[in-house]
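S.K.: coordinates only, no sequence provided:
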């Protein structure tokens, strides 16, 4: 984490103070994301902004995350960088009952009883969700799904042809 961002933050104090944190984090520090990446070269730039919606009276943390994830294209098997730019507003809730009261444009974030949040975990969660199920580099050509048999394959002797002939007798 960046030197000005603590490893843990008291969510409710940060909301009351309307704090904002900017920083960067190396991809190598993200253990859950690591398995989806080709390598861990690079870093994530982020900002966390805590606040309270004056109209709806909802406490939130707004995440802005920007990075390029090194992935393996499943068409070409080559490394490529997937640009990721995320803006997500997370409504801070104390219980699952409060989640139903959140507006549609808020994602719920259940805050532990002690109120402490780990910014690195929030950022990693969003990046894990941003990884596509089947990564494909932009501009790669789709592989044909139908192949025709070559003459060599057609000329091969079918081992079951003799059985079919015997069955007809």
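M.R.: Cool, the structure landed. Not measured: the values here are computed from a predicted model. Numbers count the residues shown, from 1 in each chain.

S.K.: all helices for this structure, in order.
M.R.: Along the chain, the stretches classed as helices by DSSP state H are 11-17, 31-34, 96-99, 119-130, 151-155, 161-168.

S.K.: out of those, nearest to residue 41?
M.R.: helix 31-34 (11.7 Å; CB to CB). Glycine gets a C-beta too; all of them are placed from N, C-alpha and C.

S.K.: show me what that closest one is packed against.
M.R.: Here helix 31-34 touches helix 119-130, going by 3 or more CB pairs under 8 Å, 6 or more residues apart in numbering; DSSP states H and E.

S.K.: buried residues in the helix it packs on?
M.R.: 119, 120, 122, 123, 124, 125, 126, 127, 130 (16 or more other CB atoms under 10 Å).

S.K.: from the chain's centre, how far out does it sit?
M.R.: 7 Å (CA atoms, centre = their mean, to the nearest Å).

S.K.: who does that helix touch, helix- and strand-wise?
M.R.: strand 20-26, helix 31-34, strand 43-52, strand 59-72, strand 79-93.

S.K.: nearest to residue 141, out of these?
M.R.: When the helices and strands packed on helix 119-130 are compared for distance to residue 141 using CB to CB, the nearest one is strand 79-93, at 14.0 Å.

S.K.: off-centre distance for that closest one?
M.R.: Computed by CA atoms, centre = their mean, the chain-centroid distance of strand 79-93 equals 7 Å.

S.K.: parallel or antiparallel, list what pairs with that strand.
M.R.: Taking DSSP bridges as the criterion, strand 79-93 forms sheet pairs with strand 59-72 (antiparallel), strand 107-110 (parallel).

S.K.: which stretches of the chain have low pLDDT?
M.R.: Low-confidence segments of the chain, defined by pLDDT under 70: 1-4, 143-145, 154-155, 157.

S.K.: now with 80?
M.R.: Counting by pLDDT under 80, the ranges of the chain that qualify are 1-5, 56, 139-169.

S.K.: pull out the buried positions in stretch 75-90.
M.R.: 80, 82, 86, 88, 89, 90.

S.K.: for the second one, name its beta-bridge partners.
M.R.: The bridge-partner assignment for residue 82, based on DSSP bridges, gives residue 69.

S.K.: what's the answer for the fifth one, then?
M.R.: On DSSP bridges, the residues paired with residue 89 through beta bridges are residue 62.

S.K.: isn't it up against residue 58?
M.R.: No. Applying CB atoms under 8 Å as the test, residue 89 and residue 58 come out as separate, 9.1 Å apart.
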